[in-house]
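Visitor: predicted model and sequence follow; I will ask about them next.
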Amino acid sequence: PDASWWPPLVILAAACAFCWPVFTGRVMLPADMCLLMLPWRASTPSQFPWFHQPHNPMLDPIQQYLPWRIYAVESLRAGVIPLWNPYAFCGTPFLANLQSALLYPLNLLFLITGARHGFGVSAILHLTLGGLLSYAFLRSLALRKPAALCGALVVMFNGYTVTWLEYPTLSLWVFIWLPMMLWCYERSLRARGGPWALLCALALGMQFLGGHLQVSAYVLIAFALYVVIRLIRPGADGVARPVTAALAAAPLALGLALAAAQVLPTLELAGHSGRAAHGPKGAVAAAFPLTHLVLYLIPNFFGNPVAYNYWGHFRDPSAINFFETACYVGVLPLLLAVWSLRRWREPSWWFFAALTAFAVLAAIGSPVYLLFYHLVPGFRELAGLGRVLCLAAFGLAGLAALGLDDLLTREKPALVRPVFVFGGLAILFVFASLRALQPLISEMGAAFWAYLNRQIIGFVALLLIGIVVIQLRSRLRLGPAPFGWLALAAVGGDLIAVSY
């Protein structure tokens, strides 16, 4: 379809369908964690005999985020700006605690919905915003509607975003402003400033207020990388390099000013923090394990907490868990990312490829991470190196969109050899992982082997379907419209099915 309304409608419908329990009154929080805590634990055996392990073992949403939102809502409804939290320890700063996100404008929604139900409504709102803003940014790069929508769906439902959905400062309240920053910056370059530069500053300010300095640091790195790419390869708009730099620096300064009421108290509080740097060896020891790269192909290779069979923390249970290693972006998007190599001359391809490479190298604790560890203030205190893979998800989403766009516009047959090579290497990598980890998998028993076999069969099926669809389109045996619909259905179906 050529109508401009259908991609935003798909994005909204996908967000609502994914979060459908919210419309039934259910709460988007790991509330079953309460059954492990006093006083509820005492009555758990009699009232909840079926319970033996939480589905989503995340403490912070229950012990911190829910109480903080309740306190913020009660205080603001009473006309009080809560600078201090008297209910934690002997009292702690509240507004200065960045993760309370007290000044984040979209959290005013909680005043309407209440604290409990606000998390679900906020998730729908931010998933939709993330999709719409990603779609707008990709469209600004002259990509076709189906290609831009494909990238938006990957941003919305990749493993990082979905796994941390109940931990909103990590997944949504900060990260979703990255596409708006890039979109408005790109448009401001073409307009030589104006309202687009102000909107870019607004997005920068919003991500500072979203509540997580670590993710903000990653977002700023992505923004800086985009600016560098634009400086190196200016593009066809003929913007002078000083203007390119100024239109990035000015919104950054204005964004910091907009968020100063939050950033300055937070920086003052950080000076009194008890968190110490782990040292380079300690930081690298908690890096994303190389063994877990297979999760890009089979997201439940190490099991899933929902299935009560997760064992991916075998190396260090205190540092590695399901959430810190969630990185799945879908099988077809990986194949499309490989196909995007045909667009390697474009500046946007270099941005997405460099962003993906940086994120993966930083996550595994390579010298790239150590460079930032020693040179960038604050990086020594950051935990969970795998969280930087949010940038890899965004980069792969962009590469997949470029690949799909190339296939949609193809007028001559093309060889799919790179896709076949990637498919073969992916299968070899899966079986190499099986062989290397076989002793540990065997300890999980026959039931887990059956579970894992189903995961592998699903991966192989998705891989074959993706290769066949790309082959048909590359040989011009499938028209662009049906190919676009098939690709969108495969990407959305895969990601949403895995997320459940």
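Guide: Here it is on my side, so go on. Numbering: from 1, shown residues only.
Visitor: quick one: contacts of whichever helix or strand Pro179 is part of?
Guide: Secondary structure from DSSP states H and E places Pro179 in helix 177-191. Contacting residues not belonging to helix 177-191 are listed as 130, 133-134, 136-137, 140-141, 155, 194, 196-197, 199-200, 203-204, 206-207, 210, 219, 222-223, 226-227, 230, 237, 239, 243-244, 247-248, 251, 394 [C-beta atoms under 8 Å, 6 or more residues apart in numbering]. In short, each C-beta sits where N, CA and C put it, glycine included.
Visitor: 6 Å - rerun?
Guide: For helix 177-191, the surrounding residues in contact (C-beta atoms under 6 Å, 6 or more residues apart in numbering) are 133-134, 136-137, 140, 196-197, 199-200, 203-204, 206-207, 219, 222-223, 226, 237, 239, 247.
Visitor: narrow those to just the buried residues.
Guide: The neighbour count (16 or more other C-beta atoms under 10 Å) marks 133-134, 136-137, 140, 196-197, 199-200, 203-204, 206-207, 219, 222-223, 226, 239, 247 as buried among the contacts of helix 177-191.
Visitor: among those residues, name the ones in helices.
Guide: Secondary structure from DSSP state H places 133-134, 136-137, 140, 196-197, 199-200, 203-204, 206-207, 219, 222-223, 226, 247 of the buried ones among the contacts of helix 177-191 in helices.
Visitor: any regions of the stretch 301-450 of the chain where pLDDT drops low?
Guide: In the prediction, the stretch 301-450 of the chain carries residues with pLDDT under 70 at positions 317-319, 381.
Visitor: in the helix or strand of the chain with the lowest mean pLDDT, what counts as buried?
Guide: Within the chain, confidence by mean pLDDT, DSSP states H and E is lowest for helix 279-285 among all helices and strands, at a mean of 75. Across helix 279-285, burial judged by 16+ other C-beta under 10 Å covers 283-284.
Visitor: tell me, how many residues neighbour Val121?
Guide: The criterion is other C-beta atoms under 10 Å. On that basis, Val121 has 18 neighbouring residues.
Visitor: per-residue pLDDT, it?
Guide: Reported pLDDT at Val121 in the predicted model: 96.
Visitor: again with His278
Guide: Reading off the per-residue confidence, His278 sits at a pLDDT of 66.
Visitor: ok, now Gly235?
Guide: The predicted structure scores Gly235 at 67 on the pLDDT scale.
Visitor: would you mind finding the longest helix in this structure?
Guide: For the chain, the longest helix by residue count, based on DSSP H, is helix 446-474.
Visitor: ok now it, how far from the chain's centre?
Guide: For helix 446-474, the separation from the chain centroid amounts to 24 Å (computed by C-alpha atoms, centre = their mean, to the nearest Å).
Visitor: cool, stretch 417-425 as well?
Guide: On the basis of C-alpha atoms, centre = their mean, stretch 417-425 is displaced by 26 Å from the centre of the chain it belongs to.
Visitor: how about Gly25, nearest residue that isn't a chain neighbour?
Guide: What sits nearest to Gly25 in space, not counting adjacent residues and going by C-beta to C-beta, 6 or more residues apart in numbering, is His117, at 7.5 Å.
Visitor: and the helix or strand hosting the one you found, what does it pack against?
Guide: Secondary structure assignment for His117, by DSSP H and E: helix 115-140. The elements that helix 115-140 packs onto, with contact taken as 3 or more C-beta pairs under 6 Å, 6 or more residues apart in numbering; DSSP states H and E, are helix 6-18, helix 66-77, helix 109-113, helix 145-157, helix 177-191.
Visitor: how about low-confidence regions in the stretch 151-300 of the chain?
Guide: Where the stretch 151-300 of the chain drops to pLDDT under 70, the residues are 235-236, 274-278.
Visitor: likewise the stretch 1-150 of the chain?
Guide: Screening the stretch 1-150 of the chain residue by residue with the criterion pLDDT under 70, one finds the ranges 1-3.
Visitor: which residues does Leu391 contact?
Guide: Taking C-beta under 6 Å, 6+ apart as the definition, contacts of Leu391 comprise 218, 222, 355, 359.
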